[in-house]
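>>> show me how the following folds:
(one chain, ligands or ions: 2)
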Amino acid sequence: MVTPGHDKLDVDDSIRELALLADTAGADVVDTMVPSVQRINVATFVGKGKVQELASRVTSTNADLVIFDDDLSNVQVRNIEREVGCKLLDRSALILDIFARNARTATAKTQVELAQLEYLLPRLTRQWTHLSRQKGGIGMRGPGETQIETDRRLIGTRIATLKDRLIKIDRQRTTQRKGRSGFTRVSLIGYTNAGKSTLMNELAGAGVLAENRLFATLDATTRTVELSPGRKVLLSDTVGFIRKLPHRLIESFKSTLDEVRESDILMHVLDASHRGFEEHKEVVQRTLLELGVKDKPTLLVFNKIDAIEDPADLLALKNTYPDAAFVSALRGIGLMELREKLVTTIDAGFEEIEIILPVADQKAIQHIRSMADILEEEYAWGQVPYEGDIVGVVRLRYRVVPRHAHDLAVLTERYKDFEILSEDSAPV
Ligand SMILES: Nc1nc2c(ncn2[C@@H]2O[C@H](COP(=O)(O)OP(=O)(O)OP(=O)(O)O)[C@@H](O)[C@H]2O)c(=O)[nH]1
Ligand SMILES: [Mg+2]
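Ligands and ions are numbered 1, 2, ... in the order given. Got it, this is the predicted structure:
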């Protein structure tokens, strides 16, 4: 739909993407209409003439489903459906349907069902009974037929149950994350189909499902990756973004997206062979802001460079983004350099701290070890400030992500007056 204030090219991309979404959901696209809309019609979104044209195209192509790229109101859906005589979905409903099809883990299933029910709840009017008569088909999956026949109250109860379940999942995941808090955490983020899972498999040998379809990944997978000898990080692959991602979907995917929120470094994967990659990049950045993720050190990874036809395009891209990594996850090109750039990005985000503390405080030493990379470790004699007792001390120089520097600042403060004794005053 070309609406005022929207670029025709952007619209073409959006429509092409909608066709891909439809295809992912199992529909065959038989016809496309891109009407120019000057003013949005409250009753039918597009004007009367357009609805009639749509109706005749539906008849001539024998279509049994119409998909709108824009989100429609309940009333609009009902009115257009009545005119064209077949089922109608908007973009959000289609995306929800794909999520429902692709959800494999219990967490993803719970999150999708919640998003679907929240989408349906305000639409639970007469349309509901109308839809429940046509069983199966796109947009009908997920909550299941039993729910579709229940009333608003039951759906409300179900929503509460799902939210409860998600809170429990959340708690579990927080505990899991605490258990591995010492590692630097890196998240792969990016537009759907950019190649995040392929890259994850390449870097971690993870065996994550990677497919040429949208939203193949719906839950977070985490693996350790050794970037260089002795340098391990935790790498997470997670759900991809898309333009006009329904807000309630983002909301209900909180547990999965917490992985992104709490990581130290982001790797933003882009499909460099897609002509719309700049827009994809903006969509991803906007979605991150919506998630409350900002100012995280980010490494841009241009993927699929094998599919760029003109080498001059690649060169230009490299000039524009000198700090980015350029790879082909599929062909294993540029991965060495990617690892190096990732190390540089991580290092730039680290703080280096030095502390002298008594050897007797093993608890504190263990605490530092669990959170930081120890760079230097030296044992000596030291003096307890003000008391003058001579004790064994250890000087540690460590590197830590800002997230943990804060935790460890308490120790630095507690032992700030400890000193190493000079050679001559040390006991023999
Ligand atoms: N030509 C080419 N294709 C690639 C490359 N990397 C990934 N692909 C293909 O791109 C498609 C999507 O890859 P995925 O790894 O599933 O993408 P994703 O970002 O995880 O996608 P979602 O999980 O759906 O958000 C697959 O068909 C991959 O084979 C690459 O470097 N070059
Ligand atoms: Mg994936």
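>>> please make it C-alpha for all contacts and neighbour counts, starting now.
Will do.
>>> stretch 243-259 and ligand 1, are they touching?
No: judged by Cα under 6 Å from any ligand atom, stretch 243-259 makes no contact with ligand 1; its nearest approach is 12.4 Å.
>>> which residues of the stretch 101-250 of the chain lie near ligand 2?
By Cα under 5 Å from the ion, the part of the stretch 101-250 of the chain that sits against ligand 2 consists of Ser197, Thr217.
>>> what about 8 Å?
The stretch 101-250 of the chain comes close to ligand 2 at residues 192-193, 195-198, 208-211, 215-218, 237-240, as judged by Cα under 8 Å from the ion.
>>> list the helices and strands the helix or strand hosting His404 packs on?
Counting by DSSP states H and E, the element that carries His404 is helix 402-414. Packed against helix 402-414 by the contact rule (3 or more Cα pairs under 8 Å, 6 or more residues apart in numbering; DSSP states H and E) you find strand 351-358, helix 362-371.
>>> winner for burial among those?
Mean neighbour count (mean count of other Cα atoms under 10 Å) peaks for strand 351-358 among the helices and strands packed on helix 402-414, with a mean of 19.
>>> export only the CA atoms of that strand, formatted as CSV.
C-alpha atoms of strand 351-358 as CSV (Å, rounded to 0.1, in the frame of the first residue of the first chain):
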residue,chain,number,x,y,z
GLU,A,351,37.9,-2.1,32.1
GLU,A,352,41.3,-3.1,33.6
ILE,A,353,41.5,-3.0,37.3
GLU,A,354,44.3,-3.7,39.8
ILE,A,355,43.8,-4.8,43.4
ILE,A,356,45.9,-6.0,46.3
LEU,A,357,44.1,-8.2,48.8
PRO,A,358,44.9,-10.6,51.6
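>>> run the angle between it and helix 402-414 for me.
Orientation check (axes from the mean of the first three to the mean of the last three Cα atoms, to 10 degrees): strand 351-358 against helix 402-414 gives 30 degrees.
>>> show me what strand 351-358 is packed against.
Using 3+ Cα pairs under 8 Å, 6+ apart: strand 351-358 touches strand 390-400, helix 402-414.
>>> try 10 Å
Packing partners of strand 351-358 (3 or more Cα pairs under 10 Å, 6 or more residues apart in numbering; DSSP states H and E): helix 362-371, strand 373-383, strand 390-400, helix 402-414, strand 419-420.
>>> mind putting the ones you listed in a markdown table, mean pLDDT included?
Formatted as a markdown table, these follow (pLDDT from 0 to 100):
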| stretch | mean pLDDT |
| --- | --- |
| helix 362-371 | 89 |
| strand 373-383 | 88 |
| strand 390-400 | 90 |
| helix 402-414 | 81 |
| strand 419-420 | 86 |
